[in-house]
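Undergrad: Below is the sequence, then the predicted model.
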Amino acid sequence: MKRDFICIVCPLGCLLYTDGADGDLLVTGNSCDKGVDFARKEIINPERILTTTVKLTNGGLLPVRSNIPVKKHEMIEMVTQLKSIEVTSPVVVGQIIIDNFGENSVNIIATDNIQ
């Protein structure tokens, strides 16, 4: 299977070309080994930092994110579960909103100060 990616690991943004399957994957276009690792991970098990908002008890929204990348196929379920969460202010950047959340036991942390 042929796929192309733009590597997002470092600022170079190499255009990666892949050919093959999981066990026999050829990656070209990379300037460093990080590109090869990135392409393999994108094909086998892509992950992203989850970013969303949760409700504040006073009616606003609090932007939050996961502290580590989560599997892309788990993100919709995680966001659905986060819709039922309400947080009481004050909140500070980096504060853990939910500890050990989801299958990967990620922490959901605040990305804004709310007074």
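TA: Ah, there it is.
Undergrad: for the chain, longest helix please?
TA: Assignment by DSSP state H gives helix 33-44 as the longest helix of the chain.
Undergrad: which residues are in contact with that one?
TA: With contacts defined as CB atoms under 8 Å, 6 or more residues apart in numbering, helix 33-44 is touched by 1, 3, 5, 7-10, 14, 16, 18, 22, 25, 27, 29-30, 47. (Each C-beta comes from the backbone N, C-alpha and C, glycine too.)
Undergrad: Flag the least confident of the residues you listed.
TA: By pLDDT, D22 ranks lowest within the contacts of helix 33-44, coming in at 66.
Undergrad: what about the residue lying farthest from the centre of the chain, distance to V91?
TA: No residue in the chain has its C-alpha farther from the mean C-alpha position than N58, which lies at 27.8 Å (CA atoms, centre = their mean). Here the distance between N58 and V91 works out to 11 Å (CB to CB, to the nearest Å).
Undergrad: Just list the residues touching the residue positioned nearest the centre of the chain, thanks.
TA: The centre of the chain sits closest to I49, judged by CA atoms, centre = their mean, with a distance of 1.7 Å. By CB under 8 Å, 6+ apart, the contact set of I49 is R65, S66, I68, P69, V70.
Undergrad: For PyMOL, write a command that selects the buried ones of those residues.
TA: Buried subset of those, written as a PyMOL selection, criterion 16 or more other CB atoms under 10 Å:
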select buried, resi 65+66+70
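Undergrad: Please state the backbone phi and psi of N30?
TA: Taking degrees, to the nearest 10, you get phi -80, psi 140 for the backbone angles of N30.
Undergrad: And the pLDDT for the residue farthest from the centre of the chain?
TA: 89.
Undergrad: picking that back up, what is the nearest of the contacts of I49 to I76?
TA: V70 (10.9 Å; CB to CB).
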